[in-house]
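Undergrad: Quick one, fold the following:
(one chain, ligands or ions: 1)
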Amino acid sequence: MKRIHVVAFFALFCLAIPIVAQMPQEKVDLDAIYRIKDEGLNRSQVMDTLSYLTDVYGARLTGSPQIRAAADWAKKKLTEWELVNVNLEAWGPFGRGWTNEKFTARVISPSVNFPIIAYPKAWTPGTNGPIEADVVTAVINNEQDFDRFRGLLRDKYVMIAAPPEVQAQFQAPGRRYTDDELVNISNQPVQPPRGGGPGQRGGAAGGRGNADNFNQRRLQFFLDEGVIATVEASRGTGGTVFVQAGGGRNPTDAPVPPQVVVSVEHYGRIWRMLEKKIPVRLELDIQNKFFDQDLNSFNVVADVPGTDKADELVMLGAHFDSWHTGTGATDNAAGSAVMMEAMRILKATGLKMRRTVRLALWTGEEEGLLGSRAYVTQHFADRADMKLKPEHSKFSAYFNVDNGTGAIRGVYLQGNEAVAPIFQAWMQPFRNLGMTTLTIRNTGGTDHQSFDSVGLPGFQFIQDPIEYDSRTHHSNMDVYERIQAQDLMKDAVIVASFAYHAANRDEKLPRKPLPAPQPQRGDASNR
Ligand SMILES: [Zn+2]
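TA: Below is the predicted model of the structure:
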């Protein structure tokens, strides 16, 4: 038995040797990692930072007074930590700012009064004081429906769709990735070739455009008919309400009526009473404010300067902005606090870094990666023409955190095969914190794409989902309590170590071939 084992092991060993010999071993500084872990795990400030960004200054909708106050606080904190070149770098135009200053909502029926869980959509107007009025239903799905409801909706609250069906939550709302799921993520999916067949991409995109058009016409109809406000049910259950924008940011955008989103349980209760021909009255008081003095926004930047390669750059970033109903805890105070903490750790340890490490906290991410795109265009290249600026050649890597509160389990390589052996080596000391997985896959929807789209190495980490999709992402329950403190502490340590190693590596990180210019068709991401 034993002997067979030894032989098998020997055979394996012989096989392994040539593979290892092909790759020069990437250097890992275990002494630095010890100090980073010591600072980040024993003297963490990440939850204090998070509490300020959420409890005190949340939510942080781009263009609102709250995000400006949050940024001023961050600037003060980063300066206190002795980072340098701490600035709010203006970009724009973003459009009008918006905030909700007061909101109350209650139902008044013949039998009972009750408050409802509801929120106005961003960039919608208010009611100019409390208004009590009848609730009616008007489900408009086609051309004939416009005629059915014409003349019937003036001075009414209008429910615009039947309540969605609510299922029991047989699956736990929060989870971590299993080993099997991580193996699955690490495999490269191969897409079927794109053709013109039915159900392929072209057709689907057309359908979406038509749906947006119809939605726009319906809003215009409700406005023309003189409704007080439209009322719709949120997806999700348990009092969780998911809310984004309902109107445009440009002062010249088409006007829209006031719009509120209601928890499915309260929406259903009103709907079922109306089905029984029981009149229901609603009282809403919505005070929303637009800000059109300054149409620009800003990114928060701060540096730890490098030594002999100080003109070269490693960047850490996260989007600072959020939606408006919770306090933007998992999306994305978590990422912002992790990145601020990583910078604090690097500074507090006093570790020497050859390249400059720069923090950037973006705004306008929720409206289409606007802040990071503006920064990349200004400093590195415009993806529309791909004319490279001098800083493009001085750039090593960008690391991003924007997938909620979850522990880092690995890195999406964005198709950059050449960084795999480097990240493999940097990841090795963090296997005991659960970071094990590299995947060649792309991940989308956040700011590393702004770098990737001009051929710069930009990476988002793989993070445990926890309750991101079920509960927190863009919801009123995106709050401090949904944050896993130990995950944020681990994440900050991992990010600090990746930044440290990228800053001290002899070479910059390898790049993919430069992409072709991608001429842009206006900003379609207004909502
Ligand atoms: Zn988001």
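Undergrad: all strands of the stretch 401-527 of the chain, in order?
TA: Here the stretch 401-527 of the chain has its strands, by DSSP state E, counting those that start in this stretch, at 408-412, 437-439, 458-463.
Undergrad: between those strands, which gets nearest to D308?
TA: Set against D308 and scored by CB to CB, the strands of the stretch 401-527 of the chain come closest in strand 458-463, at 24.7 Å. Placement of C-beta: from N, CA and C, glycine included.
Undergrad: between the closest one and strand 408-412, how many degrees?
TA: 150 degrees (axes from the mean of the first three to the mean of the last three CA atoms, to 10 degrees).
Undergrad: To L219, which of the strands of the stretch 401-527 of the chain lies closest?
TA: Closest among these, using CB to CB: strand 458-463, at 34.0 Å.
Undergrad: can you list the residues that contact that closest one?
TA: Applying CB atoms under 8 Å, 6 or more residues apart in numbering, the contact partners of strand 458-463 are 177, 182, 185, 397-404, 406-414, 419, 437, 439, 443, 446-452, 491, 494-495.
Undergrad: Please apply the same query to stretch 464-478.
TA: Applying CB under 8 Å, 6+ apart, the set of residues contacting stretch 464-478 from outside is 117, 119, 173-177, 236, 239-244, 322-323, 325-331, 403-407, 409, 479, 482, 484, 487.
Undergrad: Where does the closest residue to E366 other than its chain neighbours fall, secondary structure wise?
TA: The spatially closest residue to E366, leaving aside those adjacent along the chain, is D321, at 5.7 Å (CB to CB, 6 or more residues apart in numbering). Taking DSSP states H and E as the criterion, no element holds D321; it sits outside all helices and strands.
Undergrad: Same check on I33?
TA: Counting by DSSP H and E, I33 is found in helix 30-42.
Undergrad: Report the secondary structure state of A254.
TA: Following DSSP: H, G, I helix; E, B strand; the rest coil, we place A254 in the coil state.
Undergrad: And it, what's its pLDDT?
TA: With respect to pLDDT, A254 has a value of 93.
Undergrad: Might one say that it is in contact with N215?
TA: No. Assessed by CB atoms under 8 Å, A254 is found out of contact with N215, at 11.8 Å.
Undergrad: List the buried residues of stretch 69-88.
TA: By neighbour count on 16 or more other CB atoms under 10 Å, the buried set for stretch 69-88 is A70, A71, A74, K75, K77, L78, W81, L83, V86, L88.
Undergrad: circling back to that earlier point, report all helices and strands that the helix or strand just after the helix holding I33 contacts.
TA: With elements assigned by DSSP H and E, the helix or strand that comes after helix 30-42 is helix 46-51. On a contact count with 3 or more CB pairs under 8 Å, 6 or more residues apart in numbering; DSSP states H and E, helix 46-51 meets helix 334-349, helix 485-504.
Undergrad: for A229, what are its contacts?
TA: With contacts taken as CB under 8 Å, 6+ apart, A229 has the following neighbours: T127, Y157, V158, P257, P258, Q259, V260, L284, I286.
Undergrad: Read off the pLDDT value for it.
TA: Looking at A229, the pLDDT reads 98.
Undergrad: so it bridges to which residues?
TA: For A229, the beta-bridge partners are Y157 (DSSP bridges).
Undergrad: Tell me how far it lies from Y52.
TA: Look at A229 and Y52: by CB to CB, to the nearest Å, they are 34 Å apart.
Undergrad: now do H501
TA: 29 Å.
Undergrad: hang on, the earlier thing: among the contacts of strand 458-463, which are located in helices?
TA: Those of those mapping onto helices are L182, I185, H448, Q449, S450, F451, D452, D491, I494, V495, per DSSP state H.
Undergrad: which non-adjacent residue is nearest the last one?
TA: Distances taken as CB to CB, 6+ apart place A342 nearest to V495, at 4.1 Å, with adjacent residues excluded.
Undergrad: same deal with the fifth one?
TA: Leaving out its chain neighbours, the residue that sits closest to S450 by CB to CB, 6+ apart is S372, at 3.9 Å.
Undergrad: Taking strand 458-463 as reference, get the angle to whichever strand or helix holds that neighbour.
TA: Element membership for S372 (DSSP H and E) is helix 370-379. If you take the same axes, to 10 degrees, helix 370-379 sits at 150 degrees to strand 458-463.
Undergrad: If we go by neighbour counts, what in helix 370-379 is buried?
TA: L370, G371, S372, R373, A374, Y375, V376, T377, H379.
Undergrad: Provide the secondary structure category for the nearest residue to the last one once chain neighbours are set aside.
TA: By the measure of CB to CB, 6+ apart, the closest residue to H379 outside its immediate chain neighbours is E391, 5.0 Å from it. Applying three-state DSSP to E391 yields a three-state assignment of helix.
Undergrad: There's contact between E391 and E312 in this structure, I believe.
TA: No. Between E391 and E312 no contact is recorded; they are 9.5 Å apart, counting by CB under 8 Å.
Undergrad: Identify the contacts common to those two.
TA: Shared contacts of E391 and E312, defined by CB under 8 Å, 6+ apart, are absent.
Undergrad: so what's P519 closest to, chain neighbours aside?
TA: A384 (5.3 Å).
Undergrad: contacting residues for the one you found?
TA: Taking CB under 8 Å, 6+ apart, one finds P517, Q518, P519, Q520 in contact with A384.
Undergrad: What confidence value was assigned to it?
TA: 97.
Undergrad: Now do the same contact list for S111.
TA: Counting by CB under 8 Å, 6+ apart, S111 makes contact with I278.
Undergrad: Tell me the secondary structure of it, please.
TA: coil.
Undergrad: Show the residue spans covered by the strands in the stretch 101-250 of the chain.
TA: 113-115, 118-120, 131-137, 157-159, 229-233.
Undergrad: so of these, which one's packed in deepest?
TA: Mean neighbours per residue, mean count of other CB atoms under 10 Å, is largest over those for strand 118-120, with a mean of 25.
Undergrad: And the contacts of that strand?
TA: Contact with strand 118-120 is made by 100, 103, 105, 126, 231, 241, 243, 246, 258-263, 266, 284, 286, 288, 324-325, 476, as judged by CB under 8 Å, 6+ apart.
Undergrad: Direction included, what does that strand pair against?
TA: strand 259-262 (antiparallel).
Undergrad: so how far is the strand it pairs with from its chain's centroid?
TA: 22 Å (CA atoms, centre = their mean, to the nearest Å).
Undergrad: Likewise for stretch 314-329?
TA: That offset, for stretch 314-329, works out to 7 Å (CA atoms, centre = their mean).
Undergrad: List the residues that contact A418.
TA: P510, R511.
Undergrad: what about E367, how many neighbours?
TA: Applying other CB atoms under 10 Å, we find 24 residues neighbouring E367.
Undergrad: doesn't T62 make contact with it?
TA: Yes. Assessed by CB under 8 Å, E367 is found in contact with T62 at 6.4 Å.
Undergrad: between those two, what contacts are shared?
TA: Jointly contacting E367 and T62 under the rule CB under 8 Å, 6+ apart are F94.
Undergrad: Now stretch 488-496: buried residues?
TA: Across stretch 488-496, burial judged by 16+ other CB under 10 Å covers L488, M489, K490, D491, A492, V493, I494, V495, A496.
Undergrad: what's the answer for stretch 42-61, then?
TA: By neighbour count on 16+ other CB under 10 Å, the buried set for stretch 42-61 is 44-47, 49-54, 57-61.
Undergrad: so N113 bridges to which residues?
TA: Beta-bridge pairing for N113 (DSSP bridges): I108.
Undergrad: Would you agree it is in contact with V280?
TA: No. N113 lies out of contact with V280 (CB under 8 Å); the separation is 10.7 Å.
Undergrad: any common contacting residues for these two?
TA: Contacts common to N113 and V280, judged by CB under 8 Å, 6+ apart, are V107.
Undergrad: To what extent is the residue nearest to G58 when sequence neighbours are not counted buried, counted in neighbours?
TA: The spatially closest residue to G58, leaving aside those adjacent along the chain, is T327, at 2.8 Å (CB to CB, 6+ apart). Other residues lying near T327 total 25 when counted by other CB under 10 Å.
Undergrad: Thanks again, I'm all set now.
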